[in-house]
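Enquirer: sequence unknown, structure follows:
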């Protein structure tokens, strides 16, 4: 991989500094304040007994997520969605992505008829908010599950978590594939891809979009290589935060 | 590629019967009623002079799309989003996908300060509505552009269309990769992927989701192979409809 | 009745070409794609067991309707009501009119505690969309009822349908009463009236509005004569479509 | 006309006691608190210079209306539409009816580029709220126009009012046509009709609905006779209130 | 207290003319049309058996309030909140204040599992609408409770009303504290305070706001003195209206 | 002042531990993460040139505020207001209170035609969120103003800030007045009061509410004494954070 200087001095296959403050919230059953460089996302996991009506009596649990940005998390203030009276398309899309990513590593039978809602609120945004959210959400989710197992709300012996999960962005800038784009890189990228990867190294989601020129198969392969490498590093940081 | 019987007798790499009724609407500047098997989507292109305020005076045009389903396009009636008073997350997501896909083959400078809105309304749904919508939308868009060139609303000599674009779904069912999933296949798929491909064979969007088990690199490669083949067939059908 | 040439060559008491494609939708329990000239409305009937809460346990069923226009059914694109987040007054008014018209020919006791929702979506609009909707909705409703009788969801021997129903517009243009106005005629009409008539020839609704000068009793009488004649023709076309 | 006893002792062709308190509001340019028996509607007319954007520069004015009911105007409290976050279909329909009825007696050229909004708020409801609203709205409108002529906001010599307008309900109960239905009569009526009539005796709106059995031509004629008679009485009361 | 002339000739510690028309509405269980000078508020009390879900089975009742202004109650017409599709902050705030004020004099145990909703609709506004609303609401509430006791819907011997309650505004204008501000005074006031006082002379709410310069402790004391005096007069007027 | 043990060992006139992390956000023109014990509020100030339309050309600026709680800031997760599609009454009320409090110490003429929006997002809630928000908002506002003066966006020599402002809650528990209530205290309080005080010791807002028994003049006086003392301490902490 070639080594053009990036604005923050990283190599093309290098993550930004990642930190995870586990248990940041004293109210939630699980929580993490995660940073991908200047991007900061507060992830909380709320555990409740029971499931939504449409799942009633099926012996399975439910995990879902909601993503939002504080109005001044970004460089220019955005209007609040609550004030506008509706959730925007991008917000919906990312909330759904986070929920699907977490459900990919949950055995809902083993969870029992319980619900976990993960809230991912972006306190400061500098690119990669959805990937930081997924990566932090896993830590909050893992803690909420341990809490519920301690309280015997989850009766199965085995943890409902079947694997870990993390996510990272990759993109092509001036023809060069790069890992974990900061905002200034993201706006210049010709192709932008978010990849959600399990601890075992398989894909949960691959979402690649040509913002400029379409991309070919070879470029796609390079991006996937970078993402898989980044996800392995994120897994290590998650495990360290969780004290495993 | 192995040849398990599919419910409708297709081979794994075979599209459903595709038909395009170009010019179905007498009101729109361009239109197409497209069928992917029992899935039917009415695509209309509305051309107007001028651009949204945020693009004013930049010498560039705009192409956007809105997707919706009729309440009884599906097997069970859904509530209307207009009655519920808000657009759902899935609708938002697909509308944005269609818009991005079309913009990937438009030179907005060459379009001039004009706007084209593509409406994709699903009249009957049997899986693959978003891919049918993109494929039909391209035909409606191409006709609206020709109409505007005829009217001299687009002054550039070269067409703003830089390529064609189509989309197809692929998925893994019982471990076997398959092309263009019907609804009964879609609900059984472990992995579901929508791929948007230009006439030149490059990728505009790759959106793969593990609904069940995560997928590995080899499976991803098989799915992309199938999608590229399907897109080539769709391109031929588009060109025939357009009389090229 | 005098015989001024109309734009499409019709006489003043002549309907536009009417066609009904019964069973257009493969998903709904009853459906019809009806055309009044260039006006095309897709009507689907959705049958479900049970009734809205306020009718619970009263031994009666419910029939209701929802009307909507595709954004580019008209000559200039309209914003989607789902995007605006609310249903407009005209849409509400027409939905209520269709529902009342259908309930006028239904014995809700004989229907039992079942609900039928009729969706009337205007695919192309050229005047008379509400009258086409009512006329097509009757065909979809009749088929949904036969379907439910076949399934024994309706236990009464006699059909809950007590009569047929159709609707037609009439108006006064340059002082001359005319039947079934196309859009260009509708905008010029001094008085515009929609009349809903049973197969037996009685009135379900009479809605006359002076758009320009008020109308007198003699003009009202002429309009009603025209409408009753038009409704008799529509009844014959409905019965032919239903194979009676 | 036969003479069955009505609950309040009226004959079939008799209006309820009608009162009009002109100038009830000290804030509005014109106002009237009108009673049709126990039905009380406060009508205010708000005059402003200028017109809605779509009428700009056409040299014509605009008159529109909004109707609403106080939550406890009725026998059982209704939820507020502001709290529900949307206007219901019935409210929309009546607001549009009032606006059309008033515009039928306005020469918008003579009004100049000015706007009058009529608010009709039902303080107490006992049937016939929309007909009381139209009848009272005319008085408020007439006063707002005189106010504007006095202020020289309307420069034309001739008044923009071309005629007066009033409205009354009629219906068939147990086969007998009756004038000005109170609520207990309205719920029993087989057919219910609202008729808007100019001072000159022509029709602006005729809206007849079969709530039970459809109605025939002879019944329709009887209802129109009753309505025309009632409107003549209302005109006299309006003129008395206006001191003409 | 100094005696500057007020626009309407009142002394600084004098209320405007207060009138209460008890039982104005024939539909509600209790009602009052209250005037504070030109400010007129219609207060209705709606009694229903049962409580909101969150109070179910606790043996306690509920009293709540909704406040609204007619669009032309003010000098310039305001848009309807129902048309805007949402309740504004000021409306919310006042509704909550009225509800809290009334609950302060209700023994919810003695009320039993019943709900009373008080609607306060401002028909004409000239300052002090919230204080007039609270003062009139008490009269409507008292009558609804007597009605329910007569019907034996409230079984306790003692009335659930533990005291009476009224409210009045006070403010500082040009450094001088004044009672019961009319609109022209309200807009000039440096400090504006609404005080809710029980019949026994204790405070339920004290809401003081510096619109201009902040106020000091001595000014606060003067305002409270004025308010307590005004509330005593209002109590006498309430009792007279109630025939005590 | 008597010295009953409070749950956290404080005396009745003692604040919780207060911390202010000034400049917490790298995106906003001014920011502060403030803690009142376990209550944490992130306050950001967004400066923009220009004013809302209704202030255009008046030579004055505007300061406003928006308050919100993260869904899991509380002990039980609340639904997001953006998802519900509307802002609740309490949220509206607090946003307005914060805005008024800040405007009380701003000379809007000196601010020039500029707008500052303060966002106060509660990350963790344990009582007193509105008073923490006001106290932190002042710090964010002061920094945004210094930033704008540095950029010469504010041309006046004198700072538009005329004083500092802070807020604190007080309440009566078991008859004893206490300062700065934590959540467990707040729910038990008979009277709850929020007091906004300038650096100079005058009142901007006094909002006292009897949750249980009404309060008398003597109790009100004790509460005001406590609040004034608490505000003096908060002012010192604000000044220390600002490095004055």
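Expert: Everything's here; your move. Computed from a predicted model, the values in this text were never measured in an experiment.
Enquirer: Report whether the helix or strand of chain A with the lowest mean pLDDT contacts chain F.
Expert: Across the helices and strands of chain A, the lowest-confidence element by mean pLDDT, DSSP states H and E is helix A:81-84, at a mean of 88. Yes: residues of helix A:81-84 contacting chain F under CB under 8 Å from any CB of the partner chain: A:81, A:82, A:83, A:84. Any C-beta I mention is one placed from the backbone N, CA and C, and that applies to glycine too.
Enquirer: Compare those residues and tell me which is most surrounded.
Expert: The most crowded member of the residues of helix A:81-84 next to chain F, judged by other CB atoms under 10 Å in any protein chain shown, is residue A:82 (22 neighbours).
Enquirer: Residues of chain A that sit close to chain B?
Expert: A:86-90, A:92-93, A:95-96, A:100, A:104, A:163, A:193, A:198, A:200-210, A:213-217, A:220, A:224.
Enquirer: longest helix in chain A, by residue count?
Expert: When chain A is scanned for its longest helix (criterion: DSSP state H), the result is helix A:217-241.
Enquirer: What helix or strand is the residue lying closest to residue A:219 once chain neighbours are set aside located in?
Expert: Nearest non-adjacent residue to residue A:219, counting by CB to CB, 6 or more residues apart in numbering or on different chains: residue A:172, 6.0 Å away. Using DSSP states H and E, residue A:172 falls within strand A:165-173.
Enquirer: So which elements touch the helix or strand following that strand?
Expert: The helix or strand immediately downstream of strand A:165-173 is strand A:176-179, counting by DSSP H and E. Here strand A:176-179 touches strand A:165-173, helix A:217-241, going by 3 or more CB pairs under 8 Å, 6 or more residues apart in numbering or on different chains; DSSP states H and E.
Enquirer: Can you report how many residues neighbour whatever residue of chain A ends up closest to chain C?
Expert: With CB to the nearest CB as the measure, residue A:86 is the residue of chain A nearest to chain C, at 6.6 Å. Neighbour count for residue A:86, taken as other CB under 10 Å: 19.
Enquirer: Repeat that for the one 3 residues further on.
Expert: Residue A:89 has 16 neighbouring residues, counting by other CB under 10 Å.
Enquirer: Show the contacting residues for it.
Expert: Shown in contact with residue A:89 (CB atoms under 8 Å, 6 or more residues apart in numbering or on different chains): B:87, B:89, B:92, B:93, B:95, B:96.
Enquirer: contacting residues around the last one?
Expert: Meaning residue B:96. Counted by CB under 8 Å, 6+ apart, residue B:96 has contacts A:89, A:90, A:93.
Enquirer: Just put these in TSV and tack on distance to residue A:125 and pLDDT.
Expert: Formatted as TSV, those follow (distance: CB to CB, whole Å; pLDDT from 0 to 100):
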residue	distance to residue A:125	pLDDT
A:89	17	85
A:90	12	92
A:93	16	91
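Enquirer: Tell me which stretches of chain A form strands.
Expert: A:18-22, A:30-36, A:39-49, A:62-69, A:114-124, A:165-173, A:176-179, A:191-198, A:203-210 (DSSP state E).
Enquirer: May I see the buried residues of the first one?
Expert: So the one you mean is strand A:18-22. Buried residues in strand A:18-22, counted by 16 or more other CB atoms under 10 Å in any protein chain shown: A:18, A:20, A:21, A:22.
Enquirer: Identify the bridge partners of the last one.
Expert: Put plainly, it is residue A:22. Counting by DSSP bridges, residue A:22 is bridged to residue A:32.
Enquirer: quick revisit: spatially nearest residue to the residue of chain A closest to chain C (excluding sequence neighbours)?
Expert: residue B:86 (5.5 Å).
Enquirer: give me every residue that touches the one you found.
Expert: Counting by CB under 8 Å, 6+ apart, residue B:86 has contacts A:86, A:87, C:82, C:85, F:85.
Enquirer: I'd say the last one and residue A:84 touch.
Expert: No: under the criterion of CB atoms under 8 Å, residue F:85 lies out of contact with residue A:84, with a separation of 9.3 Å.
Enquirer: Which residue is the nearest non-sequential neighbour of residue A:185?
Expert: In this structure, residue A:185 finds its nearest non-sequential neighbour in residue A:173, 5.9 Å apart by CB to CB, 6+ apart.
Enquirer: Could I get the pLDDT score of the residue positioned nearest the centre of chain A?
Expert: Closest to where the C-alpha atoms of chain A average out (CA atoms, centre = their mean) is residue A:134, at 1.2 Å. You'll see residue A:134 listed with a pLDDT of 98.
Enquirer: Residue A:213 too?
Expert: The score at residue A:213 is 85. That number is its pLDDT.
Enquirer: Grab the nearest non-local neighbour of it.
Expert: Counting by CB to CB, 6+ apart, the residue nearest residue A:213 is residue A:190, at 5.5 Å.
Enquirer: and the gap between the residue in chain A sticking out farthest from the centre and chain D?
Expert: Seen from the C-alpha centroid of chain A, the residue lying at the greatest distance (CA atoms, centre = their mean) is residue A:57, 29.9 Å away. Taking CB to the nearest CB, to the nearest Å as the measure, residue A:57 falls 32 Å from chain D.
Enquirer: Report how many residues lie close to residue A:201.
Expert: Each residue near residue A:201 was counted by other CB under 10 Å, and the total is 14.
Enquirer: pretty sure it is touching residue A:232, no?
Expert: Yes: counting by CB under 8 Å, residue A:201 does reach residue A:232; the two are 7.5 Å apart.
Enquirer: any weak-confidence spans in chain A?
Expert: When residues are selected by pLDDT under 70, those of chain A lie in A:1-5.
Enquirer: Residues of it that sit close to chain E?
Expert: residue A:85.
Enquirer: Tell me the one among the contacts of residue B:96 nearest to residue D:73.
Expert: residue A:89 (40.8 Å; CB to CB).
Enquirer: For the closest residue to chain E within chain A, give me its contacts.
Expert: Residue of chain A nearest chain E, by CB to the nearest CB: residue A:85 (6.6 Å). Applying CB under 8 Å, 6+ apart, we find residue A:85 in contact with C:85, E:85, E:86, F:85, F:86.
Enquirer: With residue A:154 instead?
Expert: A:110, A:111, A:112, A:114, A:145, A:148, A:160.
Enquirer: Tell me which of those fall in helices.
Expert: Among the contacts of residue A:154, DSSP H puts A:110, A:111, A:145, A:148 in helices.
Enquirer: can you tell me which two in these are farthest apart?
Expert: Once CB to CB is applied, the ones in helices among the contacts of residue A:154 give A:110 and A:148 as the farthest pair, at 11.3 Å.
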